[in-house]
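> Pasting the sequence and the predicted model now:
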Amino acid sequence: MANRHIVQERDIAGEGEREVQGGARGEVVSEIMKDIDPWRQLRDETFEALWNEFYRKWRGFWAPEDKNTKSERSRLISPLTAMAVDLTVAEIVESVLGREYLVDLPDDVDDAEKADMERARLLLTEDLREEGFDLQFPMTALNGALYGTGLMKIQILTRTRKELQRDPKTKKLVVIPHEEVHIRPVAVEPSQFVGDPTATNIDDMKGCAHEFPLGLHTIQQRQQDGIYYDDVDIGPYSAWTTNGMQRADTEAGDRKKKGDAALITEYYGLINTRLFLRAVAEGKGQEIPPEELLRVPRNSMTEVIATIANKTHLLRIIENPNATGERLFVAYQHESVPARFWGRGVAEKAANVQRAMDAEMRARIDSLAWSNTRMFAGDLTRLPPGTNLNAWPGKFWGTRGNPNEVIQELKFSGPDPSSFNHMADLERMGQQATGALDSIMSLRAGVRDETATGSAMSAAGFIKRSKRTMRNIEAFLNTLMRRIVHVKMKFDSERYPTDFKFQVKGTLGMMAREMEQQHLTQLLHNLGGDSPYAGLLLQAIVQHSSIPNREAIVKAIEAQINRKPTPEEEAARRATLLLPVAEFEKTQAETAKLLSEAGLKEAQTVTEMAEAADVPVQSQIKVVEVANDLEETRNQVRQLDLLEEKNDIERQKLKIQARKSNSK
């Protein structure tokens with residue numbers, strides 16, 4: 001079980017060094033450190049100053065190197081970088097951790113047994129949340145937004161879980177120890193990661209290392225537990241000048257003392273197989289016969305995990321425990337930089353605007369100090385000797401002559417009012433550079449149309465930028481979860497299946513999900529709740545939400561969609577469909593009755609007109625009245641014709657609805 005342990009860092013300090021170890025283990029240390037030292041030096045020369053600046057701007061710390069002019073006195077820091085980083089990290093964390101399940105693990109097409117990967121998904125989500133993934137991933141996302149690259153290593157260790165049980169004989173509570181294997185990802189700060197600079201991917205590197213301080217008491221405990229070699233005496237380390245370990249934790253300055261801690265270099269990479277076998281045998285107090293070493297090819301390499309203390313002593317070396325041979329380190333770029341391992345973060349995009357805003361704010365504050373503070377000028381020859389020139393309310397000034405001629409107040413003009421506009425423009429440029437918007441009002445800035453369409457157009461660019469980052473994070477999570485599941489399949493085969501063919505699917509950004517929900521809601525409103533597609537749209541809306549019981553609601557909606565109606569419900573549905581037909585037939589009968597009555601009235605009118613033609617001129621008034629009645633009757637006939645056409649249209653609609661109902 002000792003080979004299953006991969007230690008996690010602990011931030012404890014120390015001082016002191018020892019000489020380089022001898023034997024095969026010393027050769028391993030020399031072979032690894034001859035690569036790590038130049039790799040670290042190149043990284044620090046390129047990024048250390050920038051990363052320290054990004055960290056200070058995010059924390060709001062001031063440093064002497066941040067001064068813009070020699071006369072600058074103000075130490076204000078603009079919150080632009082902090083706001084952009086925090087908003088971006090909040091969106092990423094919500095998009096990944098906002099769902100009930102972190103990822104989906106669909107099985108491959110050829111596998112008929114799908115339930116094993118579904119169970120693995122439930123177990124993986126449960127284990128990751130219990131192991132603190134909800135705390136580790138936000139730190140990784142913060143590192144990615146702040147430094148441009150997010151890193152995680154997969155930690156494998158065994159723990160003894162103590163469980164209280166009652167002894168059936170003595171009826172007393174006894175402690176029953178249970179040894180468990182814990183596999184979880186751990187966030188790694190980029191300033192503590194050293195990698196081969198010739199490669200742009202961790203798997204393509206010759207090797208990489210995680211450097212961190214570890215307390216001497218922890219090292220001694222692991223030596224007693226058989227995790228580390230117990231024939232090595234480790235002392236405290238003193239040269240804490242690299243790896244960002246001198247970075248300030250307060251604005252007052254750096255940590256000057258690390259306490260009793262050693263520098264641990266955890267190496268993941270390739271090493272000569274012969275040297276690896278010799279070091280493993282030496283750690284066990286054994287020796288490999290030369291003829292066995294000769295059977296190993298001279299240039300053969302083995303993927304190992306080596307733990308080195310203070311750059312001088314080998315505490316442990318094991319072969320990579322991952323069954324697939326993949327390294328237990330995974331990285332992603334917040335924004336991809338072609339042909340580079342280190343990516344571009346939010347702080348880097350905001351750096352120039354941040355410097356300009358700091359200079360503008362400090363210049364304004366310094367100017368306010370001159371204009372707001374009262375200063376005086378006086379004629380020293382007309383002031384009494386030893387006069388205290390400091391001013392305070394109620395002070396008496398004794399002068400030789402008219403005080404208005406001896407003492408005069410000096411006034412300086414205040415800052416340029418246009419600096420307010422400068423600050424607003426710089427804030428707008430910062431939002432353009434980082435893509436981080438703080439409110440809906442910011443989304444609508446510069447958009448004339450305040451409608452939903454205008455707001456959506458304003459948010460389109462931000463969503464596209466967010467999707468770029470989310471694609472990188474989804475690929476990162478795919479690789480991370482696949483390797484975690486593979487390791488769990490090896491060390492915890494009772495809980496996890498041995499199925500090595502599966503997929504990993506992530507999720508989109510929170511902003512993109514909100515926009516998709518708006519479109520789905522609008523589509524549902526247009527179709528109406530009676531549409532046969534309303535259930536599917538409602539299911540999609542719930543799936544894109546962040547409500548806690550989302551999965552239960554989705555299952556309920558799906559069950560309602562697939563539910564078959566009972567005979568009583570089917571009879572009621574058919575009766576509902578036949579009701580409009582009965583109403584139509586009733587309307588048609590009433591229309592026919594009106595038509596017959598209108599025809600009879602028209603015939604009577606014609607008869608009366610014929611009779612009126614034989615009447616003398618004195619009866620013309622009656623003829624006019626009859627003519628008016630005839631015109632009124634014709635208008636009624638035209639109205640009845642229109643009603644007949646309307647009934648024909650309704651009849652066609654009812655026939656179409658009946659066909660649709662019968663097809664369902």
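On my side now, so go ahead. Residues are numbered from 1 along each chain as shown.

> domain parsing for the chain?
28-65+80-229+236-342, 350-380+412-436, 579-663 (automatic domain parsing).

> Need the winner for burial among the ones you listed.
domain 28-65+80-229+236-342 (a mean of 17; mean count of other C-beta atoms under 10 Å). All C-beta atoms are positioned from the backbone trio N, CA, C, and that covers glycine.

> Now do the end-to-end distance for that one.
This stretch, domain 28-65+80-229+236-342, spans 28 Å end to end (C-alpha to C-alpha, to the nearest Å).

> How far does that domain sit from its chain's centre?
21 Å (C-alpha atoms, centre = their mean, to the nearest Å).

> now swap in stretch 627-635 and tell me
Relative to the chain's own centre, stretch 627-635 is displaced by 78 Å; criterion: C-alpha atoms, centre = their mean.

> May I have that stretch exported as PDB, CA atoms only?
Taking Å, rounded to 0.1, in the frame of the first residue of the first chain, the C-alpha atoms of stretch 627-635 are listed here in PDB:
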ATOM      1  CA  ALA A 627     -88.100  48.900 -52.500                       C
ATOM      2  CA  ASN A 628     -86.400  49.800 -49.300                       C
ATOM      3  CA  ASP A 629     -87.600  46.600 -47.700                       C
ATOM      4  CA  LEU A 630     -86.200  44.700 -50.700                       C
ATOM      5  CA  GLU A 631     -82.700  46.400 -50.300                       C
ATOM      6  CA  GLU A 632     -82.700  45.500 -46.600                       C
ATOM      7  CA  THR A 633     -83.500  41.900 -47.400                       C
ATOM      8  CA  ARG A 634     -80.700  41.700 -50.000                       C
ATOM      9  CA  ASN A 635     -78.200  43.000 -47.300                       C
END
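
> Now that stretch: average pLDDT?
For stretch 627-635, the mean pLDDT works out to 76.

> In TSV, list the domains of the chain along with distance to Thr566.
Output for the domains of the chain, formatted as TSV (distance: least, C-beta to C-beta, whole Å):
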stretch	distance to Thr566
domain 28-65+80-229+236-342	31
domain 350-380+412-436	54
domain 579-663	17
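
> Ala556: which of those domains is closest?
Proximity to Ala556, assessed across the domains of the chain by C-beta to C-beta, is greatest for domain 28-65+80-229+236-342 (14.6 Å).

> Which strands and helices lie in contact with the helix or strand encompassing Val353?
In this assignment (DSSP states H and E), Val353 forms part of helix 351-372. For helix 351-372, the packing partners by 3 or more C-beta pairs under 8 Å, 6 or more residues apart in numbering; DSSP states H and E come out as helix 49-59, helix 80-97, helix 418-434.

> rerun at 7 Å
Using 3 or more C-beta pairs under 7 Å, 6 or more residues apart in numbering; DSSP states H and E, the elements in contact with helix 351-372 are helix 80-97, helix 418-434.

> where along the stretch 51-200 of the chain do the helices fall?
Applying DSSP state H, counting those that start in this stretch to the stretch 51-200 of the chain gives helices spanning 80-97, 115-130, 133-147.

> Okay, now the unreliable bits of the stretch 51-200 of the chain?
For the stretch 51-200 of the chain, applying pLDDT under 70 flags the ranges 99-118, 160-161, 178.

> Swap in 90 and give it another go.
56, 59-84, 87-134, 155-185 (pLDDT under 90).

> Can you classify the closest residue in space to Pro403 that isn't next to it in sequence by secondary structure?
Nearest non-adjacent residue to Pro403, counting by C-beta to C-beta, 6 or more residues apart in numbering: Trp397, 6.3 Å away. Following DSSP: H, G, I helix; E, B strand; the rest coil, the label given to Trp397 is coil.

> Trp397: neighbour count?
Trp397 has 15 neighbours, counted by other C-beta atoms under 10 Å.

> pLDDT on stretch 222-240, on average?
What stretch 222-240 shows for mean pLDDT is 84.

> What lies in contact with the helix holding Val353?
57, 68, 72-74, 76-78, 80-81, 412-415, 419, 422-423, 426, 429-430, 433 (C-beta atoms under 7 Å, 6 or more residues apart in numbering).

> do you know how far the residue nearest to Pro403 is from Asp629?
With distances taken as C-beta to C-beta, to the nearest Å, Trp397 is found 114 Å from Asp629.
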